[in-house]
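S.K.: Pasting the sequence and the predicted coordinates here, then a few questions.
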Amino acid sequence: MFQRIFFAAVVSGVIAGLFATAVQSTQVIPLIYKAEKYEKREPVPIPQTHEDHSDKGGDSSRLALTLVSNVVSGVGFALLLVGCFALRGEVDWRRGILWGVGGFAVFSLAPAIGLPPELPGVDAASLPHRQLWWVLTVAATAAGLALLAFKPGVSFKALGVVLIVLPHVIGAPHPDTGGGLVPRALLERFILTALMASAAFWVVLGLCAGYFFNRLKGDNSI
């Protein structure tokens, strides 16, 4: 069983990581580049000359780091999903998509309600405070969704709703002075694009995890 879980998670994580990198490289990263220009506050546009060639190495390095990060994250999240599959019983690719949507809600959507994805040049609260609120939100949302989905009874359902809402009642940490150098329109576009990319990543991850976990159930050697 362990080898089955591990193999399904690794394959699914690699596929989802590659997919996420492809989406981010065309949709998300270009918006980050635009925001970095505002962060540098350069009064004169940089001429499109030989300097562009020097940036290509940095672009390649950033893309490579993004790929490694996405694959590692994909494998880690896939291990979490497939572990849940093993505890809950057999899961096919259709149910895997539902689990992926749940993962998106827990790890991306719920935290983004209080702390949307950030661009360079945007003011933010201190990192430890944001990390603490993010962990609280993820844990409370996961527990709340689990109660809503798997526990019968009105009291459990009510507790699930309370847990999901609680972090947002407490409130996410924000800087005393909001704003930043990035135009509002660019920031809103980035938030929407980043969330859509994250949703696509989780759907692909859940689909692949459910498919491979189910496909390997008949192989006694794994």
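M.R.: It's in.
S.K.: in what helix or strand does Gly206 lie?
M.R.: helix 184-215 (DSSP states H and E).
S.K.: I'd like the mean pLDDT over that helix, please.
M.R.: Mean per-residue pLDDT for helix 184-215: 95.
S.K.: list the helices and strands it packs on?
M.R.: When contacts are defined as 3 or more CB pairs under 8 Å, 6 or more residues apart in numbering; DSSP states H and E, helix 184-215 packs onto helix 2-23, helix 29-40, helix 51-88, helix 93-104. Using the backbone N, CA and C atoms, a C-beta is placed for each residue, glycine as well.
S.K.: mind checking which of these is nearest Leu216?
M.R.: helix 2-23 (4.9 Å; CB to CB).
S.K.: tally of neighbours for Gln131?
M.R.: Gln131 has 12 neighbours, counted by other CB atoms under 10 Å.
S.K.: now swap in Leu18 and tell me
M.R.: Neighbours of Leu18 (other CB under 10 Å): 15.
S.K.: I figured it was touching Leu67, is that so?
M.R.: Yes - counting by CB atoms under 8 Å, Leu67 is a contact partner of Leu18 at 7.4 Å.
S.K.: what domains does the record give for the chain?
M.R.: When the chain is parsed with automatic domain parsing, its domains come out as 1-42+60-122+181-222, 125-173.
S.K.: contacting residues for Cys124?
M.R.: Careful, residue 124 is Ala; it's not Cys. Glu118, Arg130, His174, Pro175 (CB atoms under 8 Å, 6 or more residues apart in numbering).
S.K.: no no, Leu145
M.R.: Counted by CB under 8 Å, 6+ apart, Leu145 has contacts Gly102, Ala105, Val106, Gly160, Ile164.
S.K.: Now for the fourth one, which secondary structure element holds it?
M.R.: Right, the one you point to is Gly160. Judged by DSSP H and E, Gly160 forms part of helix 154-170.
S.K.: Tell me the helices and strands packed up against that helix.
M.R.: Against helix 154-170 (3+ CB pairs under 8 Å, 6+ apart) you get helix 110-114, helix 127-150.
S.K.: which parts of that helix are buried?
M.R.: The neighbour-count check on helix 154-170 (16 or more other CB atoms under 10 Å) flags Leu159, Gly160, Leu163, Ile164, Pro167 as buried.
S.K.: Same question for stretch 90-99.
M.R.: Val91, Trp93, Arg95, Gly96, Ile97, Trp99.
S.K.: so can I have a markdown table of these showing distance to Gly83?
M.R.: Converted to a markdown table, the buried residues of stretch 90-99 look like this (distance: CB to CB, whole Å):
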| residue | distance to Gly83 |
| --- | --- |
| Val91 | 11 |
| Trp93 | 17 |
| Arg95 | 15 |
| Gly96 | 13 |
| Ile97 | 17 |
| Trp99 | 11 |
